[in-house]
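[1] would you be able to build a 3D model of this:
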Amino acid sequence: MSFDCPVTTPNGFVPPDTITSPRLDEFTWHGSERLFTPFNADGSYFLRKTVFWSSDFPGGGVEERPAVDITWRRIDIDADPITNDGDATNASTAEDGWFMIAGIDPDEPGCWQVDAEYKGAELSYVYEIEGA
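    Numbering: from 1, shown residues only. Reported below is the predicted structural model:
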């Protein structure tokens, strides 16, 4: 039996002017002002550290360990979810401004649903890693 993974198409969100990053145009964004994440410019997902931006995030100087809860869940098979237990950190670069790092995407082949929450804002998306 095959599984047709319902991969997320980014919702076209445009980050607010309060997010200072000269690279905002290099990505397609998914989410809302309160919690969003990048996809490739063509809308495809890329494996990476699981990163988020938020208009509610005051930066690492104020909030060193943001409470970002994230769960990675295989939806093509019955498997235990992976969580970060709310453990996130902050980062800042000249190219990206302040953002939050909430873990590293699992790289096991399959269909993955990511559910994130930060200060009451929720974000979900699905990506697929093709197997051998």
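
[2] CA only for contacts and neighbour counts going forward, please
    OK.

[3] quick check: closest non-adjacent residue to Asp69.
    Closest residue in space to Asp69, ignoring its immediate chain neighbours: Gly86 at 4.1 Å, by C-alpha to C-alpha, 6 or more residues apart in numbering.

[4] which residues belonging to stretch 112-123 are considered buried?
    Within stretch 112-123, the residues scored as buried using 16 or more other C-alpha atoms under 10 Å are Trp112, Gln113, Val114, Asp115, Ala116, Glu117, Tyr118, Ala121, Glu122, Leu123.

[5] what sits against the fifth one?
    In this case it means Ala116. Val68, Asp69, Ile70, Thr71, Glu122, Leu123, Ser124 (C-alpha atoms under 8 Å, 6 or more residues apart in numbering).

[6] could you report the neighbour count for the first one?
    Other residues within reach of Val68 by the criterion other C-alpha atoms under 10 Å amount to 25.

[7] that one contacts Ala102, correct?
    Yes - the pair Val68 and Ala102 qualifies as a contact (C-alpha atoms under 8 Å) at a distance of 6.3 Å.

[8] what touches both of the two?
    The contact lists of Val68 and Ala102 share Gly86, Asp87, Ala88, where a contact means C-alpha under 8 Å, 6+ apart.

[9] got those residues as JSON lines, with pLDDT, distance to Ala41 and secondary structure columns?
    Shown next, in JSON lines, are these (pLDDT from 0 to 100; distance: C-alpha to C-alpha, whole Å; DSSP: H, G, I helix; E, B strand; the rest coil):
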{"residue": "Gly86", "pLDDT": "88", "distance to Ala41": "29", "secondary structure": "coil"}
{"residue": "Asp87", "pLDDT": "86", "distance to Ala41": "28", "secondary structure": "strand"}
{"residue": "Ala88", "pLDDT": "94", "distance to Ala41": "26", "secondary structure": "coil"}
